[in-house]
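K.L.:
Generate a structure from the sequence data that follows.
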Amino acid sequence: GRRDPAAIWAIEDSLEPADLVAIGLDGKERARIRVDAGPISNLDWEAVSTTVGADGGPLVVIGDIGDNFAFRNSVRFLVLDEPALGDSPTSAVTPRSVEATYVDESGAPVRPNAEAIVADGDDIWVFDKSPGAPTTLYRGSLADESTELTPAATLDLDGEAVSDAALSPDGAVLALRTNRAIRLYPVSDGESLADALDGEPCNAPVPPEPQGEAVTVLAGTAGLLTVSEDERGGAVDLHRIAPR
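P.N.:
Below is the predicted model of the structure:
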């Protein structure tokens, strides 16, 4: 959270309840907010990111971007003011929706599958999920009701598939979660995420998770959090990776 650094915002996957859930660093639920984004609010939610808007207010951005079967002509981002957590947290919100379409380098429409977003001010960055092939980083804007996602960089991850990404609150570290690794890229002041990917990453330890899907970078020197998308049911572990 940008409003409350001790709040971790979490979502569930496709066709599950359209809830934005605040959990604490102890893994306990602090609040559950229904996101009303139309008849099918959660078609295929895959990622959540926090940022600061042009007016300085903290925002939460949900990426309804999943497209395993390449049938969606467009995807969307749901943008809302970060809820304030108190004795009576907001129980329902109506987000602003930004419809997005992808194009390749020639400008032709494409339909990549993706599970990772990073919101940075009005910029929205999407890493596609392309097992066995280089990853494409797309860039768009959250400023209007629609945006075109255009290729900004290509990253060869030796066949790994990107399942999540996160930018530290101070913008200095980009974390990429794949099916096999967690890579941390330094981001210089004023540097774009596309340029940061040219740098040399370091690898963080990967917790034992059946289907590691999520990562977030905590404020300051608090480290990382990861969690598994476990289809077997029951509780899953929230792992914290602390700096040495």
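K.L.:
Which parts of the chain are helices?
P.N.:
193-196 (DSSP state H).
K.L.:
in it, what spans have low per-residue confidence?
P.N.:
For the chain, applying pLDDT under 70 flags the ranges 87-89, 231.
K.L.:
what's the burial count for Asn116?
P.N.:
To be clear, residue 116 is Ala; Asn isn't right here. Ala116 is flanked by 29 other residues according to other Cβ atoms under 10 Å. Where C-beta positions appear, they are placed from N, C-alpha and C, glycine not excepted.
K.L.:
That one contacts Ala161, correct?
P.N.:
No: when contacts are counted by Cβ atoms under 8 Å, Ala116 is not listed as touching Ala161 (9.7 Å).
K.L.:
Which positions in the strand of greatest length in the chain come out as buried?
P.N.:
In the chain, taking DSSP state E as the definition, the longest strand is strand 146-155. Of all the residues in strand 146-155, those buried under the rule 16 or more other Cβ atoms under 10 Å are Thr147, Leu149, Pro151, Ala152, Ala153, Leu155.
K.L.:
circling back to that earlier point, what residues are shared contacts of Ala116 and Ala161?
P.N.:
Shared contacts of Ala116 and Ala161 (Cβ atoms under 8 Å, 6 or more residues apart in numbering): Lys129.
K.L.:
So which residues make contact with stretch 18-31?
P.N.:
1, 6-12, 32-37, 41-42, 45, 48, 60, 62, 80, 83, 85, 89, 93, 225, 238, 240.
K.L.:
Tell me the spacing between the closest residue to Glu115 other than its chain neighbours and Asn68.
P.N.:
Of all residues not flanking Glu115 in the chain, Glu46 sits nearest, at 4.3 Å (Cβ to Cβ, 6 or more residues apart in numbering). Separation of Glu46 from Asn68 (Cβ to Cβ, to the nearest Å) stands at 10 Å.
K.L.:
same question, Ala92
P.N.:
Using Cβ to Cβ, one gets 29 Å for the distance from Ala92 to Asn68.
K.L.:
Tally up the residues packed near the residue nearest to Glu115, please.
P.N.:
Neighbour count for Glu46, taken as other Cβ under 10 Å: 26.
K.L.:
quick one: Leu25 from Glu115, how far?
P.N.:
Look at Leu25 and Glu115: by Cβ to Cβ, they are 24 Å apart.
K.L.:
do the same with Gly234
P.N.:
Relative to Glu115, and taking Cβ to Cβ, Gly234 is found at 22 Å.
K.L.:
Could you check which of the two has the larger neighbour count?
P.N.:
Each of Gly234 and Glu115 has its neighbours counted (other Cβ under 10 Å); Glu115 has more, 27 against 5.
K.L.:
Going by neighbour count, which residues of stretch 38-53 are buried?
P.N.:
41-53.
K.L.:
Dump these into TSV; add distance to Ser168 as well.
P.N.:
Formatted as TSV, these follow (distance: Cβ to Cβ, whole Å):
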residue	distance to Ser168
Ser41	29
Asn42	27
Leu43	29
Asp44	27
Trp45	23
Glu46	21
Ala47	16
Val48	15
Ser49	12
Thr50	11
Thr51	12
Val52	13
Gly53	18
